[in-house]
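Participant: Any chance you could fold what I've pasted below:
(2 chains)
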Number of protein chains: 2
Amino acid sequence: MSTPRPQPKLSQRAAWCHDSAISFLMQQGVENPRVLSLAAGLVDQSSLPVAEVQQAVTELMRDPERGRHVLQYGTSSGAERLRGRLVEHVARLEGTTPDRLGIDIGQVVLTTGSQQLLSLLAEVLIDPGDIVFVAAPTYFVFLSVLHGVGARVISIPADDDGMRMDLLEAELARVEAAGELSRVKLIYLVSWFENPSGISLSAERRQQAVEIAKRWSKRQRIFILEDAAYRELRYDGPELPSVWSFDAEREHVILAQTFSKSFSPGLRVGYGLLPRDLVAPVCDRKGNDDFGSAHFNQHLLATVFDLGLYEPHAEKVRATYRTKRDAMLQAADRYFSHLPGVHWVHPHGGLYVWMTLPDRIDTSFRGPLFDEAVHRQQVMYVPGDLCYAGPPESRPNHQMRLSFGVQDVSGIGEGMQRLARAVERVSDEA
Amino acid sequence: MSTPRPQPKLSQRAAWCHDSAISFLMQQGVENPRVLSLAAGLVDQSSLPVAEVQQAVTELMRDPERGRHVLQYGTSSGAERLRGRLVEHVARLEGTTPDRLGIDIGQVVLTTGSQQLLSLLAEVLIDPGDIVFVAAPTYFVFLSVLHGVGARVISIPADDDGMRMDLLEAELARVEAAGELSRVKLIYLVSWFENPSGISLSAERRQQAVEIAKRWSKRQRIFILEDAAYRELRYDGPELPSVWSFDAEREHVILAQTFSKSFSPGLRVGYGLLPRDLVAPVCDRKGNDDFGSAHFNQHLLATVFDLGLYEPHAEKVRATYRTKRDAMLQAADRYFSHLPGVHWVHPHGGLYVWMTLPDRIDTSFRGPLFDEAVHRQQVMYVPGDLCYAGPPESRPNHQMRLSFGVQDVSGIGEGMQRLARAVERVSDEA
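Facilitator: As a prediction, this is how the structure comes out:
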């Protein structure tokens, strides 16, 4: 008689972190290789900077002493050389000079993509049961990070100007009345071209958000995490000031940015501008986690700036996506506009078109559309319900996130045609 | 009247993670730039593979399609191309063939240095109050990781053959008698050339460790984390089988290795061979943390293997460190052997010489030696007490970790001479 095989006993956090939805989505992609993906969050393949990276590495390695330096360990906060470049870069984006940016280089922290910064902030700020406000809908991987640390996530409805600040304030009042204001840690804002909705927070609401964070910091400081991952992917529409720019004291807003969208995600370099007293907690945690991200990659990107390769490349990337966004919007017009009750957002930037179907069409994994799309029409989307916090049964489930990131113009057209066919089939049966 | 400035309220984990000791050590280095560091855990600068990296990048980017592929997002578990190379590489180290290694490529996970794997495992296995066994002394950054997740760390004394397995078993019996066996999650073993002691676990004890983990997995599975960071830095002495090799079912032992010591730490590529049912929890967590480490760097290292550049470089690195280890041991003989009560370990590999002083000489930050060494003699070491778990007052505090990693031969000689002078000065006063 054999004894039963002893099982691992995982941590509570591992259980919270387990996200079957994203795994299921990726598995569907792997199991159905002929499926055209409008779901994948990958970036445009054709515009990735092969020549620029080759040139930067050659330059970096030309002086063997510098070459050896960049192959050595760096520090938890990252290479000073790139952090200096980033102070200049953010100053340019903010329309000011490095001197007037109001932060010093010590407040710039380099991470493995901006995703790692999001995760580190959740770790250092949130205890189980702490409260975080997010827009509805919002970035689904951050929802997963928040669940992974046991946060209570409160969704605030959004309209065409982004998160409704009046409703955020009403929720704060409700939380205070319940005696829980001391549990509020963070307001999460994807301020430019929100993933998935494509909507940007209006300038007025950006200012209001900072005022609200300050006003309600009655006990502990309430932070705003401004996820500006898509900031540099603006194709048209107004140029907006950052939420961060309204925080004159640089105490409430964390500005998270990345090179993953504007240059290359495979280098995994993101960065944050942090309020002074978050730097040590984030770097202590990062020191334990990995001693700092790849020193080599940080210097590679600094060299890309030194050689003047960054801005021309970012401009090329924007032009590519502008064309692809237009292709997706044209395909939406062509294939979806005759379908009753279907509408979508026209994004001024980012990578996504957010499409709403009639209420009765369930776009979730459990509904007939996903099956029809993936297995018969061979096209995949991200079900909208994944982008909402709260129990599955409470989430809107008749929306889709459609990405124009990875497919080329013809793939976008073909994908949209297939998807419209799937919607028509399911509509007929509904 | 101004209201008081609201303070951040950090998470419990952030408080646990705060490690003033390591920060203090790094700060001392920064504030005293003329100090010769025998403390820094950096690798030998002169042997870093500048030409090899340049060659690999050129090869990698030669085909633009492949170049674009490696600059795109990868996956949480890492590039299959490198994972395949690693199955071959570990098979070579284990003296077997990939077919007979007893794992498949899906059990190989790539991380940001092996440090990230250590941290991920702590996250997915350990709840506050769970028990982890470590050797005394052991790797101090992992102690910090364990404190960061609220683990109870139990130290097991070590002798010249590494952790005492009879004492480990006695502690397990004690824990069981206290009704806490269900809280035991992990046994941490730096099996080759332990950081800081330089001691390797004997072959017999490697086998015993696996037997003990199996025998005591009465409730949940008890894992062994085999930290093999220094495995490929062997200069002489016996070739030992891994702890992992005794775990025929590949269920109990996690084997953690890295390219940081044998190739380049600036690329931040480490890896683990995981029991099958830890793969999903670790990758789910890693997906939330950073979506996977740098895809570019993973392919860069795969190309280093493809071009046959890895083994010759690792051999060169070993030759360099062998010389430097000999230089440190000779300097120890020359400058310390006349000092009563001073002795040290002769390591067969790794980066450290572990030196014991008479009990009365306090090597900690609080004692007179550290001050004398850093501020007068201008040499720095890692105080031995940092390498023990438990409250500061209970830890041995008359030892030093001396690294021959970063200094060249002349720096090692000079550093050891300065350190001996500091010990003599302090001894005279004691």
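Participant: Every contact and neighbour count from this point should use C-alpha atoms.
Facilitator: OK.
Participant: Domain map for chain A?
Facilitator: A:19-47+A:313-429, A:72-308 (automatic domain parsing).
Participant: Pick the most buried one from the ones you listed.
Facilitator: domain A:72-308 (a mean of 21; mean count of other CA atoms under 10 Å in any protein chain shown).
Participant: Next one: A:Glu88 relative to chain B, how far apart?
Facilitator: From A:Glu88 across to chain B, the span is 24 Å (CA to the nearest CA, to the nearest Å).
Participant: Same question for A:Asn297.
Facilitator: A:Asn297 is 8 Å from chain B, by CA to the nearest CA.
Participant: which residues touch that residue?
Facilitator: A:Leu267, A:Arg268, A:Val269, B:Leu267 (CA atoms under 8 Å, 6 or more residues apart in numbering or on different chains).
Participant: just to revisit the earlier point, if you average pLDDT over each of the domains of chain A, which comes out lowest?
Facilitator: Among these, domain A:19-47+A:313-429 has the lowest mean pLDDT, at a mean of 94.
Participant: Next, A:Tyr271: phi, psi?
Facilitator: phi -160, psi 160 (degrees, to the nearest 10).
Participant: sec struct for whatever residue of the stretch 301-430 of chain A ends up closest to chain B, please.
Facilitator: Nearest residue of the stretch 301-430 of chain A to chain B (CA to the nearest CA) works out as A:Val406 at 10.1 Å. Under DSSP: H, G, I helix; E, B strand; the rest coil, A:Val406 falls in the coil class.
Participant: so it sits right up against A:Leu42, yeah?
Facilitator: Yes: A:Val406 lies in contact with A:Leu42 (CA atoms under 8 Å); the separation is 5.5 Å.
Participant: Could you name the helices and strands sitting against the helix or strand hosting A:Tyr321?
Facilitator: If you go by DSSP states H and E, A:Tyr321 is part of helix A:310-336. Helix A:310-336 makes packing contacts with helix A:409-429 when contacts are defined by 3 or more CA pairs under 8 Å, 6 or more residues apart in numbering or on different chains; DSSP states H and E.
Participant: For the helix it packs on, which helices and strands make contact with it?
Facilitator: strand A:36-37, helix A:310-336, helix A:368-371, strand A:379-380.
Participant: With distance to A:Ile199 added, can I get the ones you listed in CSV?
Facilitator: Shown next, in CSV, are the helices and strands packed on helix A:409-429 (distance: least, CA to CA, whole Å):
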stretch, distance to A:Ile199
strand A:36-37, 22
helix A:310-336, 14
helix A:368-371, 25
strand A:379-380, 22
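Participant: nearest to A:Gly95, of those?
Facilitator: Minimum separation from A:Gly95 across the helices and strands packed on helix A:409-429 (CA to CA) falls at helix A:310-336, 15.1 Å.
Participant: OK, now which residue of the stretch 251-400 of chain A is nearest to chain B?
Facilitator: Closest point on the stretch 251-400 of chain A to chain B, by CA to the nearest CA, is A:Gly266, at 4.1 Å.
Participant: Surely that residue and B:Arg68 touch.
Facilitator: No: the criterion here is CA under 8 Å, and A:Gly266 misses it with B:Arg68 at 9.1 Å.
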